[in-house]
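**Q** Next one to model:
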Amino acid sequence: MASSDAAPKSIQDVRALLYRKFRVTLTSGRVLEGDFSCLDKQGNIILSNTLEQLTTATGKKEERHMGLVLVPVQQQQKVELQASLDEEMSMLKLVEGYTAAPTPVA
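**A** Numbering: from 1, shown residues only. Prediction:
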């Protein structure tokens, strides 16, 4: 399959996410933010340029750069795609343009 058009839709959808900013909350409470690089068949995620955020027992927030990170599916509590400003504006337009269906009058 040389062309991305020939790939199944699921693969095309994942390709569209490549190098986008992801925020992964781990079961331990730590948060990883990085660029989406890979998803394997088991659901493990690889992030590049990853920043780890954690809160210590004293309540202090700490950050450290981790580089390339494999996040096992068992450790993923929540996975979020960070939207660009254009995407957020498009979503806002959808919400503002939404009108509920008229309710029938009895």
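**Q** Buried residues, stretch 26-36. List them.
**A** Leu26, Val31, Leu32, Glu33, Gly34, Phe36 (16 or more other C-beta atoms under 10 Å). Heads up, the C-betas are built off the backbone N, CA and C, glycines and all.
**Q** Need the max-distance pair from the residues you listed.
**A** By the measure C-beta to C-beta, Leu26 and Phe36 form the most distant pair in the buried residues of stretch 26-36, at 15.8 Å.
**Q** returning to what we had before: sitting in strands, which of the buried residues of stretch 26-36 do you find?
**A** Members of these lying in strands (criterion: DSSP state E): Leu26, Val31, Leu32, Glu33, Gly34, Phe36.
**Q** Report the contact partners of the third one.
**A** Leu32 makes contact with Arg23, Val24, Leu26, Leu47, Thr50, Leu51, Glu52, Gln53, Met66, Val69, Val71 under the criterion C-beta atoms under 8 Å, 6 or more residues apart in numbering.
**Q** For these, I'd like a selection string for ChimeraX - just the buried members, please.
**A** Buried residues within the contacts of Leu32, by 16+ other C-beta under 10 Å, are selected in ChimeraX with:
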select :23,24,26,47,50,51,52,69,71
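**Q** Closest one of the contacts of Leu32 to Val95?
**A** Closest approach to Val95 among those (C-beta to C-beta): Arg23, at 21.6 Å.
**Q** Relative to Thr56, how far out is the residue nearest the centre of the chain?
**A** Centroid check for the chain by C-alpha atoms, centre = their mean gives Leu81 as the closest residue, at 2.6 Å. Going from Leu81 to Thr56 by C-beta to C-beta, to the nearest Å gives 28 Å.
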